[in-house]
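**Student:** I'll drop the sequence and a predicted model, then ask my questions.
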Amino acid sequence: MLQNPQPVFKDVFNRYDKEYFEYEIKNEEAFFSLMLMALSDIGFDSLDVALEKSGLPKKILDIGCATGKFLYEFKNKGWDVAGIEICKEAAEYGNIHRNVSIYNCTLEEASFPEKSFSVVHASHLIEHLNDPVSFLKEVYRILHDKGFFIVVTPNIDSFQNFIFKSYWRSAIADHLFLYSLKTLKKICNDNGFILMKKGTWGGIPVGKAPAPIKKIFDKIAKKTGCGDVMVMLFKKSLP
């Protein structure tokens, strides 16, 4: 599903201002916890081992990295890290206070050399892009052969979307494209990626039902692929 008409890139860019930076700072611990949950769902620890066996460097790019919390934690685990963030204040914060390398530009503008990274991570990013195909082509170019691409994004086939419809929390102006497991797999397949693992989570939002009921629906949503958010692990295929 796409937003029509699409806002121009300048209008999208201008949304990522000081107010956005303050929002990210306030919520970064919660967001990082969710990122770790997504990585757990796709077995990231085994991916770490796979990189070592294949001889690929532990080099990761986080696109839409906000204040660099994710990068900072992975740097402390021995990874060579870099980030992309279009919010100037967030990029500066990460560069100065976390001593991680964050480029304040789009992925395409960064112009990384071919095969620069073994892993590219994009959490809650692809739904914000005017041109996801151009983005995927650039991810493919900068990934090492047999490198890995991790995508986290809202799931349009979620139980929450079915129930809340236009009031669904992901049906917002900032989201230019929304995907299902099927459509995200297809657009990535079409641009050179092979699906390795997938998962979803989130049945009922916090506060919308008593905790015991929420727990039941969360389990059902995760098991059936109807969770509110999805994660997919892709591997770069060779021509």
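**Tutor:** Received the coordinates, thanks.
**Student:** gap between the residue nearest to Gly192 when sequence neighbours are not counted and Gln3?
**Tutor:** With sequence-adjacent residues excluded and distances taken as CB to CB, 6 or more residues apart in numbering, Gly192 is closest to Tyr140, at 4.5 Å. For glycine as for every other residue, the C-beta is placed from the backbone atoms N, C-alpha and C. Taking CB to CB, to the nearest Å as the measure, Tyr140 falls 25 Å from Gln3.
**Student:** looking at these two now, which is surrounded by more residues?
**Tutor:** Tyr140 (19 against 16; other CB atoms under 10 Å).
**Student:** for the strand or helix carrying that one, list every residue counted as buried.
**Tutor:** Using DSSP states H and E, Tyr140 falls within helix 132-142. Buried residues in helix 132-142, counted by 16 or more other CB atoms under 10 Å: Pro132, Phe135, Leu136, Glu138, Val139, Tyr140, Arg141, Ile142.
**Student:** next one: stretch 159-166
**Tutor:** Result for stretch 159-166 [16+ other CB under 10 Å]: buried residues Phe159, Gln160, Asn161, Phe164.
**Student:** next one: stretch 56-71
**Tutor:** If you call a residue buried by 16+ other CB under 10 Å, then stretch 56-71 has these buried ones: 56, 59-71.
**Student:** again, but for stretch 167-179
**Tutor:** Trp168, Ser170, Ala171, His175, Leu176, Phe177, Leu178, Tyr179.
**Student:** doesn't His128 make contact with the fifth one?
**Tutor:** The reference is to Leu176. Yes - Leu176 lies in contact with His128 (CB atoms under 8 Å); the separation is 6.2 Å.
**Student:** which residues do those two both contact?
**Tutor:** Counting by CB atoms under 8 Å, 6 or more residues apart in numbering, the contacts common to Leu176 and His128 are Val12.
**Student:** coming back round to it: so what does the helix holding Tyr140 touch, helix or strand wise?
**Tutor:** helix 107-110, strand 117-123, helix 181-189 (3 or more CB pairs under 8 Å, 6 or more residues apart in numbering; DSSP states H and E).
**Student:** and Asp80, which of those is closest to it?
**Tutor:** Comparing the helices and strands packed on helix 132-142 against Asp80 with CB to CB, the closest turns out to be strand 117-123 (8.8 Å).
**Student:** what pLDDT, on average, does the closest one get?
**Tutor:** Here strand 117-123 scores 98 as its mean pLDDT.
**Student:** how about stretch 92-111?
**Tutor:** 97.
**Student:** follow-up on the earlier one: most tightly surrounded among the helices and strands packed on helix 132-142?
**Tutor:** Most buried of the helices and strands packed on helix 132-142 by mean neighbour count (mean count of other CB atoms under 10 Å) is strand 117-123; its value is a mean of 25.
**Student:** neighbouring strands - and their directions - for it?
**Tutor:** Sheet pairing of strand 117-123 (DSSP bridges) gives strand 59-63 (parallel), strand 143-154 (parallel).
**Student:** distance to Glu29 and mean pLDDT added to those, as a markdown table?
**Tutor:** Compiled in a markdown table, the strands paired with strand 117-123 are given as follows (distance: least, CB to CB, whole Å; pLDDT from 0 to 100):
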| stretch | distance to Glu29 | mean pLDDT |
| --- | --- | --- |
| strand 59-63 | 16 | 98 |
| strand 143-154 | 17 | 96 |
